[in-house]
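Chemist: my questions concern the predicted model and sequence given below.
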Amino acid sequence: MGMRRNAQIEGAEVAVPASIANLGPGFDTLAVAVQLYTRVRIRRVCADGTRRLHFDFIDQRLEGENYIERAFRFLARQQDADFPSLEMEVSSAIPMKSGLGSSAAATVAGLRLYETVMGELPPQGLLNAACALEGHPDNAAAAIFGGMTSSCQLEDRSVIAVRFRWPERLQLVVLTPTASIKKGTAESRGVLPPQIPREDAIFNLQRLALLFQALQSGEFGMLREALRDRLHQPYRQIIVPGLERALNLEHRDLLGVCLSGSGPSIVAFAERNFEKIERLLARAYDPLGIPYRVRTLQVHQESVAADAAGVSRRE
C-alpha cells in the first residue's frame with residue numbers, strides 16, 4: 001500500500017455516522033446508522049518528519065483515550081506503514097456515552113482516516129479491525145456500511161455483516177439525557193445477569209424474527225410487539241431513568257420504543273407527526289428533572305464502502 005500525495009490528502013474529510021444498536025430484541029446483533037456524524041478533516045500535512053498526529057477538537061473536549069488516533073495507529077502497525085505527520089480537526093454531533101455509538105464512530109473515523117492517507121482497504125478488513133478495537137461488531141458494522149446491519153461474530157473473531165435498507169418513511173425520534181447519568185458500556189453491561197431463562201431467549205428470538213418482517217414488509221403495526229425485549233432492557237431500567245415510563249408510552253402515531261444501545265438515549269419509531277412524538281417523549285422525562293435533548297433523525301442509508309463491501313445486501 002502506498003501513501004497518497006499530499007495534494008490528495010490536505011483538506012480531505014471523513015464523516016462517520018452515529019448508530020443505534022440492539023433495536024429491542026437484537027442484543028449485540030442489530031444496529032442502524034443515523035444522520036449524526038463525527039467528522040475529521042486533514043488540515044495540513046506536516047513537513048517535520050513522520051508518524052506524528054495532532055488533533056484539534058472543535059467545540060468539545062476529549063474525554064479519555066483518542067479512539068480516532070488509536071484506530072489509525074492500529075492499522076499502521078498492522079500494515080507496518082510509515083505515514084506523514086498530520087494536523088487535523090475533529091467535530092462531532094454525536095454525544096459521548098449516550099448510546100449512539102460515539103466510540104464506534106470515532107474508531108471507524110480513525111480507520112477511514114488511515115484509508116484517506118494510505119489508500120483503500122478491503123471493507124471486511126475494516127470491519128474486523130473495528131470489531132477488534134471495539135470488542136463487539138454491532139455499532140461498527142452500521143457505521144461502516146450504513147442502513148441497518150446484522151452482525152455475526154465467528155469463532156475466529158472475524159465478523160460477517162448483512163446490510164438491510166431501512167424503510168425511508170420510518171424515522172427515529174431520539175431523546176438523549178444531557179446530565180451526568182451517562183454510563184459507559186462496561187458499566188451498563190455489569191447490570192446484566194450472566195445467565196438467562198430459556199423462555200426469555202425464546203421470547204427475544206420470536207420478536208427478532210417479527211422485527212425483520214415488520215421492517216421489510218412495511219407492516220409497522222407489528223413494531224410495538226417486535227421491539228419488546230427480555231435480555232437487557234428490563235435490567236437497565238435501574239440505571240436509565242425514564243426508560244420504563246418511555247417503554248409504556250402509547251399514542252396512535254407511536255409505533256414502538258426501545259433503548260438505544262446501552263442507553264441512556266431512548267428511541268421512538270414513527271412515520272408521521274414527529275413533533276407530537278417528540279413532545280410525548282419530553283413529557284415522560286420532564287417530571288424527572290433531568291436535562292435532555294430530543295430530535296428526529298433519519299437513517300444514514302448507505303456508506304461509501306457498501307457497494308464494494310464483502311457483505312450481503314438485502315433490499
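Modeler: Arrived safely. Residues are numbered from 1 along each chain as shown.
Chemist: can you give the distance of whichever strand in the chain runs longest from its chain's centre?
Modeler: When the chain is parsed with DSSP state E, its longest strand is strand 30-50. Here the centre of mass of C-alpha atoms in strand 30-50, compared against the chain's by C-alpha atoms, centre = their mean, to the nearest Å, lies 16 Å away.
Chemist: could you do stretch 63-81 as well?
Modeler: The answer for stretch 63-81 is 19 Å, by C-alpha atoms, centre = their mean.
Chemist: repeat that for stretch 143-154.
Modeler: Counting by C-alpha atoms, centre = their mean, stretch 143-154 comes out at 10 Å from the chain centroid.
Chemist: ok, now which ones touch the residue nearest to residue 161 when sequence neighbours are not counted?
Modeler: Excluding its sequence neighbours, the residue lying closest to residue 161 (C-beta to C-beta, 6 or more residues apart in numbering) is residue 141, at 4.2 Å. (Glycine included, C-beta is placed from N, CA and C.) Counting by C-beta atoms under 8 Å, 6 or more residues apart in numbering, residue 141 touches 31, 127, 130, 149, 151, 159, 161, 163.
Chemist: near the fifth one, how many other residues are there?
Modeler: Counted with other C-beta atoms under 10 Å, the neighbours of residue 151 add up to 25.
Chemist: ok, now the first one?
Modeler: Other residues lying near residue 31 total 31 when counted by other C-beta under 10 Å.
Chemist: mind naming the longest helix for the chain?
Modeler: helix 198-217 (DSSP state H).
Chemist: one step back: of the contacts of residue 141, the lowest pLDDT goes to which?
Modeler: Among these, residue 159 carries the weakest pLDDT, at 91.
Chemist: that one against residue 129, yeah?
Modeler: No. Between residue 159 and residue 129 there is no contact under C-beta atoms under 8 Å: 10.1 Å.
Chemist: just for the protein, where's the confidence low?
Modeler: Within the chain, the segments meeting pLDDT under 70 span 1-7, 179-187, 304-315.
Chemist: strands along that one, start to end?
Modeler: Counting by DSSP E, the strands of the chain are 13-21, 30-50, 53-57, 84-92, 148-153, 159-164, 171-177, 256-259, 266-270, 292-297, 312-314.
Chemist: so for residue 104, which of those strands sits nearest?
Modeler: strand 13-21 (6.3 Å; C-beta to C-beta).
Chemist: give me the buried positions along that closest one.
Modeler: Neighbour counts over strand 13-21 (16 or more other C-beta atoms under 10 Å) mark 14-21 as buried.
Chemist: got the angle between that strand and strand 148-153?
Modeler: Counting by axes from the mean of the first three to the mean of the last three C-alpha atoms, to 10 degrees, strand 13-21 lies at 80 degrees to strand 148-153.
Chemist: can you list the strands that strand 13-21 pairs with?
Modeler: strand 30-50 (antiparallel) (DSSP bridges).
Chemist: okay, buried residues for the strand it pairs with please.
Modeler: So for strand 30-50, counting by 16+ other C-beta under 10 Å, buried means 30-34, 36-42, 45.
Chemist: and that strand with strand 53-57, angle?
Modeler: Strand 30-50 runs at 130 degrees relative to strand 53-57, counting by the same axes, to 10 degrees.
Chemist: and the residue lying closest to residue 23 once chain neighbours are set aside, what are its bridge partners?
Modeler: Leaving aside its sequence neighbours, residue 23 sits nearest to residue 30 (C-beta to C-beta, 6+ apart; 4.6 Å). Beta-bridge partners recorded for residue 30 (DSSP bridges): residue 150.
Chemist: now do residue 159
Modeler: Counting by DSSP bridges, residue 159 forms beta bridges with residue 153.
Chemist: for it, list the residues it contacts.
Modeler: Going by C-beta under 8 Å, 6+ apart, the list of residues near residue 159 reads 127-128, 131, 137, 141, 151-153.
Chemist: quick check: it vs residue 127, distance?
Modeler: 5 Å (C-beta to C-beta, to the nearest Å).
Chemist: go on, residue 234?
Modeler: 31 Å.
Chemist: and those two? Which one has more around it.
Modeler: For residue 234 versus residue 127, neighbours defined as other C-beta under 10 Å are more numerous around residue 127 (28 against 15).
Chemist: that one reaches residue 144, doesn't it?
Modeler: Yes. Between residue 127 and residue 144 a contact is recorded at 5.8 Å, counting by C-beta under 8 Å.
Chemist: now the common contact residues for those two.
Modeler: Joint contacts of residue 127 and residue 144 (C-beta under 8 Å, 6+ apart) are residue 161.
Chemist: what about residue 291, how many neighbours?
Modeler: A count of nearby residues for residue 291, using other C-beta under 10 Å, gives 11.
Chemist: which residue sits closest to it, ignoring its sequence neighbours?
Modeler: residue 178 (4.8 Å).
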